[in-house]
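Undergrad: with the input below, show me the fold.
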Amino acid sequence: VNSSPPQYHTLHQLLQYHVISDSPGVSQQLLAMSTAYPPALQLAIDMLHRLGAHQDVAEVMLSRRMLLPVMRYIKRQSSVSIPAERLLQAALDSHDSILFHTTYRFVQAMHYQLYASHRRSSPNFLPQDSCEAFSEHFDKLYSQEAQA
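TA: Numbers count the residues shown, from 1 in each chain. A predicted model of the protein is given here:
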C-alpha cells in the first residue's frame, strides 16, 4: 500500500512542459482527478483545446457551470454549438438573474448572427429551440423591473 501523497505538482510540471503528450485519455484522467486537484480542470481544458476538441472544451465548461467562460469560448470558436436551451437552463439553474440576463442576450446575439449569415431562418427563438419558458421568464423578470 502506497501511503505517500499524490505527486500533483510533479504531474502538473510534466504536463506543462509536454513531457506527457496530449491525448483524449490523459484529458479524461485530468478531469476525473480535478475534484482532488482543482488545477487539473484547467490542464484538461487546455489539453482538449490543443487537441482541437473544441466542442468537448465547451461541454466540459458547461458541465462545470462555467457559463461566462463557455460563452466567451463559443464566441471565439465558431465550430462549437451548444443549444440555446442548455445554456439558458444552466443560467436559470444558477439563480443569478444577471447571469441569466447575460446568457439570454448572448443567445439572442448568436441567433441574430446566424440569421444574418443565412444559417438560421429567423433571428428570434423558433419552436424547435424549446426556449419559450426562458423567454417568459426573461420577460417576467425585466417587465417587473421596468415597472418598479
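Undergrad: buried set for stretch 47-56?
TA: Using 16 or more other CB atoms under 10 Å as the test for burial, stretch 47-56 gives 47, 48, 49, 53, 54, 56. Any C-beta I mention is one placed from the backbone N, CA and C, and that applies to glycine too.
Undergrad: oh, that last question was meant for stretch 126-145, not what I typed.
TA: 129, 131, 134, 137, 138.
Undergrad: in those, find the pair that's most separated.
TA: Farthest-apart pair in these is 129 and 137; separation 14.2 Å (CB to CB).
Undergrad: top helix in the protein by residue count?
TA: helix 97-116 (DSSP state H).
Undergrad: how far away from the center of its chain is that one?
TA: With CA atoms, centre = their mean, to the nearest Å as the basis, helix 97-116 stands 14 Å off its chain's centre.
Undergrad: quick one: the helix or strand just after it to helix 97-116, angle?
TA: Using DSSP states H and E, the helix or strand that follows helix 97-116 in sequence is helix 132-147. Interaxial angle of helix 132-147 relative to helix 97-116 (axes from the mean of the first three to the mean of the last three CA atoms, to 10 degrees): 120 degrees.
Undergrad: sorry, back to before: state the pair within the buried residues of stretch 47-56 that is farthest apart.
TA: 47 and 54 (12.4 Å).
Undergrad: any regions of the chain where pLDDT drops low?
TA: 1-5, 144-148 (pLDDT under 70).
Undergrad: can I get the helix or strand containing residue 45 as CSV, trimmed to CA atoms?
TA: According to DSSP H and E, residue 45 maps onto helix 39-50. The C-alpha coordinates for helix 39-50 follow below in CSV (Å, rounded to 0.1, in the frame of the first residue of the first chain):
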residue,chain,number,x,y,z
PRO,A,39,-5.9,22.8,-11.3
ALA,A,40,-6.3,19.6,-13.3
LEU,A,41,-9.6,21.0,-14.7
GLN,A,42,-7.7,23.8,-16.4
LEU,A,43,-5.0,21.5,-17.5
ALA,A,44,-7.6,19.2,-19.1
ILE,A,45,-9.4,22.1,-20.8
ASP,A,46,-6.1,23.4,-22.2
MET,A,47,-5.2,20.0,-23.5
LEU,A,48,-8.6,19.5,-25.1
HIS,A,49,-8.2,22.9,-26.8
ARG,A,50,-4.7,22.0,-28.1
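Undergrad: perfect, that will be all.
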